[in-house]
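Peer 1: pasting the sequence and the predicted coordinates here, then a few questions.
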Amino acid sequence: MFKTILFAVDQSREAHEAAVIVTNLVKTFGSSLHVLAVVEPNAEVAEPQPHPEQMTSPEAVADLLKQAQTLFSKEGIEAQILEKEGKPAFTICDVADEINADLIVMGSRGIGLTEEGAADSVTNRVINLSPCPVLIVP
């Protein structure tokens, strides 16, 4: 059913919790797993960040991906690691399209629960732009 799963990770607690779900899905369906972290370009304007856990450091992203690969490796899962730069929601959807993903899995931090936050929510944008089903883990 889900031959290719794209797991979009960041440094949030929710993404870490979503890894358990991803592990179960990959084992259940015998899926290939692609783990994606997006390095966000530095904002040119010094504004407060809407997401305090934005990943703007390539070193932090590389470390996060290494941790994810180790976690899945311990479960006997071989994960393809992808690091891209760009706007997270658009990059996640572009990669899903490129690898012909059958499912995108990501954690939700609840940042977009207000009317003002919904427009800035990566989760909301991925849901609306995705070329495949999206599983959001709270």
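Peer 2: Great, that's in hand. Bear in mind that the values here come from a model prediction, so they are computed numbers and not experimental data. Numbering: from 1, shown residues only.

Peer 1: could I get the contacting residues of residue 134?
Peer 2: Neighbour list for residue 134: 103-106, 126-127 [criterion: Cβ atoms under 8 Å, 6 or more residues apart in numbering]. Using the backbone N, CA and C atoms, a C-beta is placed for each residue, glycine as well.

Peer 1: where in the chain is pLDDT low?
Peer 2: The model of the chain has pLDDT under 70 over residues 43-56, 110-119.

Peer 1: can you show me the strands along it?
Peer 2: Along the chain, counting by DSSP state E, strands occupy 4-9, 32-39, 79-85, 103-107, 134-137.

Peer 1: save those strands as CSV, and put in distance to residue 93 too.
Peer 2: As requested, the strands of the chain are exported to CSV (distance: least, Cβ to Cβ, whole Å):
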stretch, distance to residue 93
strand 4-9, 10
strand 32-39, 11
strand 79-85, 11
strand 103-107, 8
strand 134-137, 9
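
Peer 1: out of those, which comes closest to residue 63?
Peer 2: Evaluated with Cβ to Cβ, these place strand 32-39 nearest to residue 63, the distance being 9.7 Å.

Peer 1: remind me what that closest one packs against, helices and strands.
Peer 2: Of the remaining helices and strands, those touching strand 32-39 by 3 or more Cβ pairs under 8 Å, 6 or more residues apart in numbering; DSSP states H and E are strand 4-9, helix 58-74, strand 79-85, helix 88-98.

Peer 1: can you put the ones you listed in JSON lines and add mean neighbour count and distance to residue 17?
Peer 2: Listed next are the helices and strands packed on strand 32-39 as JSON lines, based on neighbours: other Cβ atoms under 10 Å; distance: least, Cβ to Cβ, whole Å:
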{"stretch": "strand 4-9", "mean neighbour count": "25", "distance to residue 17": "11"}
{"stretch": "helix 58-74", "mean neighbour count": "15", "distance to residue 17": "12"}
{"stretch": "strand 79-85", "mean neighbour count": "16", "distance to residue 17": "17"}
{"stretch": "helix 88-98", "mean neighbour count": "20", "distance to residue 17": "18"}
